[in-house]
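J.: no letters, just coordinates:
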């Protein structure tokens, strides 16, 4: 079946740094979604992307739907302590509209 | 504010017990899902439902069953709990199959001893 490769698996950064993470696949997707999971909570939708090439921002977050429809990235600018958590990408498959999740990127912010 | 509510945040059960995990959504969503989350494995789909009394197997249905008697409630059942079912279980719902993200509950951390 279709799979998403999300990288990096984890990141350790200093407060104030910018962050970049991405998801790639060998298959195309109709929709890309980015979620954040705070410790002890369920994932919350951050950004949804619906068209190839689309670039969308949500505050300090920016995400793009790759032109090939096989990848997406998420950038976080000027990280703050509350950005800590696990970030998941997810893609909606064109064949059956199912949503497939990446394995997540765990973001740690060093004091 | 829309909500997906999972009945328990933490559960400890014994091997062999029958376990029920309950999920209720107040958004009149058609679709509901059960995932389990394990370190390094991400979110894996167990079962899902697109309508009342309808259910479909996800990627890892073995050892689980589900029940959807009412639109707002989707129950996950572990027929005979085993230690390898110790995990975080997440319920989610969505309004349609296309172009919509999922709303997740806060999760139930199940430990089977």
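T.: Done, it's in. Predicted model, so just to flag it, every value in this text is computed and none were measured.
J.: and for residue A:53, the neighbour number?
T.: The burial metric for residue A:53, expressed as a neighbour count using other CB atoms under 10 Å in any protein chain shown, is 11. For glycine as for every other residue, the C-beta is placed from the backbone atoms N, C-alpha and C.
J.: kindly apply the preceding question to residue A:9 instead.
T.: Residues near residue A:9, counting by other CB under 10 Å, number 11.
J.: how close does the closest residue to it other than its chain neighbours sit to chain B?
T.: If the residues on either side of it in the chain are set aside, residue A:9 comes closest to residue A:105, at 6.6 Å by CB to CB, 6 or more residues apart in numbering or on different chains. Going from residue A:105 to chain B by CB to the nearest CB, to the nearest Å gives 10 Å.
J.: from what I can see residue A:105 touches residue A:7, true?
T.: Yes. A contact is recorded between residue A:105 and residue A:7 when judged using CB atoms under 8 Å, the distance being 7.2 Å.
J.: related to what we said a few turns ago, residues in contact with the residue nearest to residue A:9?
T.: Taking CB atoms under 8 Å, 6 or more residues apart in numbering or on different chains as the criterion, residue A:105 is in contact with A:6-11, A:21, A:86-88.
J.: from the residues you listed, pick the one nearest chain B.
T.: Comparing the contacts of residue A:105 against chain B with CB to the nearest CB picks out residue A:88 as the nearest, at 6.9 Å.
J.: mind telling me what element the closest one is part of?
T.: strand A:85-92 (DSSP states H and E).
J.: same question for residue A:103.
T.: Mapping residue A:103 onto the secondary structure by DSSP H and E places it in no helix or strand at all.
J.: quick one: contacts for the residue nearest to it when sequence neighbours are not counted?
T.: Closest residue to residue A:103 in three dimensions, ignoring its sequence neighbours and counting by CB to CB, 6+ apart: residue B:42, at 3.6 Å. Residues near residue B:42 by CB under 8 Å, 6+ apart: A:6, A:88, A:101-104.
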